[in-house]
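Asks: here is a sequence with its predicted model. Questions after.
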Amino acid sequence: MAKINLCFLWHMHQPFYKDLVSGEYRLPWTRMHALKDYYGMVKILEEFPEIRQTFNLVPSMMVQVEEYARGEARDPFLAVALKPAEHLTPEEQRFILHNFFMANPARMIYRYPRYGELYTAFQAQGSPEQARGVFGPQEFRDLQILSQVAWFDEEFLDKDQEVQALVAKGSKFSLEDQALMGRKQREIISLVIPQYKKLAESGQIEISTTPFYHPILPLLCDSDIATISHPFVPLPPRFCYPQDARVQLEMARDYITKTFGVAPVGLWPSEGSVSDQALQIAAAVGFQWAATDNGVLDRTLHRAATPDVTYKPYLWTQQNRSMRMIFRDHLLSDRIGFVYQGMSPEAAAQDFLNSINENCKGMLAAGRDVLVPIILDGENAWEYYEKSGRAFFRELYSRIQNDRHMEAVTVSEAFRRMQPEPIDHIFPGSWIGANFDVWIGAEEDNKSWRLLLEARQAYDRAVDVPEERRKQAYEELLISEGSDWNWWYGPEHDSANRIEFDQIYREHLANVYKALGVPPPPELSIPILKTEVVQAAHTPPSSPVHARVNGKIDSYFEWMGAGIYRVDSRQGAMHGKREYVREVHYGSSEDTLYLRVDFTGEALEGLEIQVLLRQEGADTVSVIKVSGGMATVTSGKAQAAYRDILEAAVPLQPGVPAEFQLSLWHDGLPVEAIPPQEKLKVTVEEPLGWWN
């Protein structure tokens, strides 16, 4: 019987946050994800012994986990979380207020009522400095503890009696509670690597890896290769150090071998970035299989990477080197990353498996075994799922175990079962757009590469440098070659820590010069990030609105005074979410809420917009569907029209405060919510004499 071989590959990665000179960790995210995702994602498999998976571990992240587990990491974020609240300095108080609310509000902050109260109080003040005036020692200690517990793994929240007691207490925490929180952190992190070892030794998981500091291998080998996937893209001076690519690969393979006792045969090249030269080096180092995106397969074969093309193994061969290849199902991988968080676990699992079965139907009928590669970030998505997505995983894994046509296997296991199809080259690109645009080509990106090249050339020119200092300089170069720094440069992504990432990157480059005994160039003191004037994402209404619902703007004055909510087109740590709406205008008369939706292009055919309206604590929902160039109200009492824009009118109870949120759906799957977390408030009373 033909079978579906389902290959999950979870990519576990964080940048190298440690400053080698000071020994201090500049950001806490490796520790936070080690508390929640690195352990929990593999621990849950013990409940499902027939589910076998591949975990891709980036060495630069794992060495940080090891240091935290030994209690040797110098983390100022952890230090200030453990300091008695009564002894916090004003600067430490500002630091806590600035950093300790960096979590998903809906899924992580408001899950804990006291944490939600503190967040609401902080938001009301508008800045850390103002919030200091309303936060006393007890408020700070509650925040210190809950901001950490919110990242604890579900395994501990559900089964550890001490953690359960801490959560049950809820507020008014003591110094003893604070000490317990710190002790539990180290306890959880110390379990991460042993858990991977345990399941790797049993054969339930395979461990693959990535070049040590997560560089974009094709760009290290030759940055000019970016012009193949994006002709005429502006590029920096050519960076061409294939020897560094080899070192990064050798270091990674050595680390995994030393840590887990078995040399890894699998490679997820950073960001799925591949080229013929990169694969040749990886094969020479000893890797036997590699993975990337089916967008790269599309451009390699010059044909659409449909399921019958994607769902099989390949064998790349060139110049007496070979590499077995799989190509991720981009659509289904991204559904786990970006879509299923808005669905019930049952509906999400069913949609995922229905999609796979539908994609594989013809191949199975022809008697052909199928390999379905599902590859995605193994840590960032779960912040947006209820209880870190564990209910979704249990629902999904149990259904897979009970499906006699499907089996979850490791990548190497799939290769042993299926004969690969030969290819003689690979198109140079990454999992994002089958190009390298995220990391090179934009003004900030190119400046980053130029500064890296200059530091690399300074290393090449340096003479009479003691071997230990030269080794330190090269280590700093390898760290600087990591892809994470350029992830935040350019127009594609945004982060609350974007300024810190820029600073950390420039400090790593400066450390190269310091280790060589050469003064760092003054340019490294200047941010690479361009100074930008950022418009407020939200402007509240300033006066009532009376609009004609006809799908077009009749005059400049029609929406004057309306509130405007601009959808942020930049993306965070995860990539792949498509934006359909540019901005929403809204306002009200005495008894009507008026909405105007401006799309980024033509409205998506079949898009469903749900208007959730709340008055006096009661919710009503109006559903508007855009189809055939028209808008139709399928549920509720709204009116709607679509031509150039979407306009809608929703009845209000006169004189009653109201708030609303839009939810966008397509093909039964959630697309996005506007705003993502909060609701927009509308004023229903018209100022006296407004019409005069």
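Replies: Yep, it's here.
Asks: if you count neighbours, what's buried in stretch 166-182?
Replies: Within stretch 166-182, the residues that qualify as buried by neighbour count (16 or more other C-beta atoms under 10 Å) are 166-167, 171, 173, 177-178, 180-182. (Glycine included, C-beta is placed from N, CA and C.)
Asks: which secondary structure elements does the biggest helix by length in the chain contact?
Replies: Across the chain, the helix with the greatest residue count (assigned by DSSP state H) is helix 345-365. Applying 3 or more C-beta pairs under 8 Å, 6 or more residues apart in numbering; DSSP states H and E, we find helix 345-365 packed against strand 4-12, helix 307-310, helix 330-334, strand 370-377, helix 390-401.
Asks: tell me the contacts of Leu180?
Replies: By C-beta atoms under 8 Å, 6 or more residues apart in numbering, the contact list for Leu180 reads 162, 166.
Asks: which one of the helices and strands packed on helix 345-365 lies nearest to Tyr213?
Replies: Closest to Tyr213 of those, according to C-beta to C-beta: strand 4-12, at 14.7 Å.
Asks: pull the CA atoms of the next helix or strand after the closest one into CSV?
Replies: Sequence-wise, the next helix or strand downstream of strand 4-12 (DSSP states H and E) is helix 29-33. Written as CSV, here are the backbone C-alpha positions of helix 29-33 (Å, rounded to 0.1, in the frame of the first residue of the first chain):
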residue,chain,number,x,y,z
TRP,A,29,15.6,35.4,24.0
THR,A,30,17.6,32.2,24.0
ARG,A,31,16.8,31.8,27.7
MET,A,32,13.1,32.6,27.3
HIS,A,33,12.7,30.1,24.4
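Asks: just name the shakiest helix or strand of this protein by mean pLDDT.
Replies: Using mean pLDDT, DSSP states H and E, the weakest-scoring helix or strand in the chain turns out to be strand 669-674, at a mean of 78.
Asks: and it, which strands flank it?
Replies: If you go by DSSP bridges, strand 669-674 pairs up with strand 658-666 (antiparallel).
Asks: show me the domain layout of the chain.
Replies: Under the assignment named as automatic domain parsing, the residue ranges that make up the domains of the chain are 1-70+189-435, 443-525, 538-682.
Asks: pLDDT on the first one, on average?
Replies: Model confidence over domain 1-70+189-435 averages 97 on the pLDDT scale.
Asks: and that domain, how far from the chain's centre?
Replies: Relative to its chain's centre, domain 1-70+189-435 lies at 14 Å (C-alpha atoms, centre = their mean, to the nearest Å).
Asks: one more: the shortest one?
Replies: Its chain's average C-alpha position is 24 Å from that of domain 443-525, according to C-alpha atoms, centre = their mean.
Asks: kindly check the end-to-end length of that domain for me.
Replies: Distance between the two ends of domain 443-525: 18 Å, counting by C-alpha to C-alpha, to the nearest Å.
Asks: next, the buried residues of stretch 304-314.
Replies: Applying a neighbour-count criterion of 16+ other C-beta under 10 Å, one finds 305, 307, 309-314 buried in stretch 304-314.
Asks: between the residues you listed, which sits nearest Ile440?
Replies: Nearest to Ile440 out of the buried residues of stretch 304-314 is Ala305 (C-beta to C-beta; 23.9 Å).
Asks: so Met323, which of the three states?
Replies: With DSSP: H, G, I helix; E, B strand; the rest coil as the basis, the three-state label of Met323 is strand.
Asks: Gly286 is in contact with that one, correct?
Replies: No - taking contact to mean C-beta atoms under 8 Å, the distance of 11.0 Å between Met323 and Gly286 leaves them out of contact.
Asks: of the two, which one has the most company?
Replies: A direct count of neighbours by other C-beta atoms under 10 Å for Met323 and Gly286 places Met323 higher, at 22 against 14.
Asks: ok, Ile504 - contacts?
Replies: Applying C-beta under 8 Å, 6+ apart, one finds that Ile504 lies in contact with 15, 17, 19, 26-27, 485.
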